[in-house]
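J.: Sharing a sequence plus its predicted fold:
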Amino acid sequence: CPHHCTYCQLNIVRTTHRKRPIKDVIRDLTHTRGLPWYKKKMAMLLDNNLGGDIKYAKELLGEIAKLKFWGIGTQYSIECLRDDEFVDALAAANCRMSFLGMESLNKESLRDVQKKQNKTEEYKKYFDKLHSKGILTFTGLMFALDEDTKEYYEALPEKLDEVGCSVILPSISIPLYGTPLYYKSKS
């Protein structure tokens, strides 16, 4: 992932954004001998941020679309949804589930953990865009961020209804050893 969110273990030791050759990914997706027929029709792309290189992601999704899966799942960051071609490529590849790190509906909390790519005012628009293409949104939601307030938590259920994510995967903000959040909490 190209982002520098302070809580993420990818930021303990930064490496360059890497991607596998598309032909290797397609080989892995089609090397299914021995699987029951129905397991050959679905796939989950395990990637921290498929859209870390949006041009690559669109090209890969174009090749995956040719495989005619019943459904695929993937993970990418919300700003990828600003690119309509990326959303169309997801739909063409028969993406049925997207995990998105929403993390918070509190702008101050997002700013504090350097989740700069997320704009809370865009959430509803982008979740609606995915839903209109038949793609479920599984969204990460973090609790106990430093900027969260009692008022934020009181308003959270209504705000979650407003943005309309399909599934919420909650987590507690834990300053993992070595992350920037860890060093901030230690000081």
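T.: Good, I have the coordinates. Residues are numbered from 1 along each chain as shown.
J.: For the closest residue to G178 other than its chain neighbours, give me its contacts.
T.: If the residues on either side of it in the chain are set aside, G178 comes closest to I12, at 3.8 Å by C-beta to C-beta, 6 or more residues apart in numbering. The way it works is simple: take the backbone N, C-alpha and C, and place the C-beta from them, glycine included. Contact analysis of I12 by C-beta atoms under 8 Å, 6 or more residues apart in numbering lists 176-179.
J.: Most neighbours of all those, which one?
T.: T179 (20 neighbours; other C-beta atoms under 10 Å).
J.: Contacts only, for it.
T.: Counted by C-beta under 8 Å, 6+ apart, T179 has contacts 6-9, 11-12.
J.: And the pLDDT for it?
T.: pLDDT recorded at T179 is 90.
J.: Same check on the one 4 residues further on?
T.: The confidence metric pLDDT takes the value 90 at Y183.
J.: That one and K129: what is the separation?
T.: Counting by C-beta to C-beta, to the nearest Å, the separation of Y183 from K129 is 37 Å.
J.: Closest one of the contacts of I12 to D53?
T.: T179 (23.4 Å; C-beta to C-beta).
J.: Just give the number of residues close to E151.
T.: The number of residues packed near E151 is 9, by other C-beta under 10 Å.
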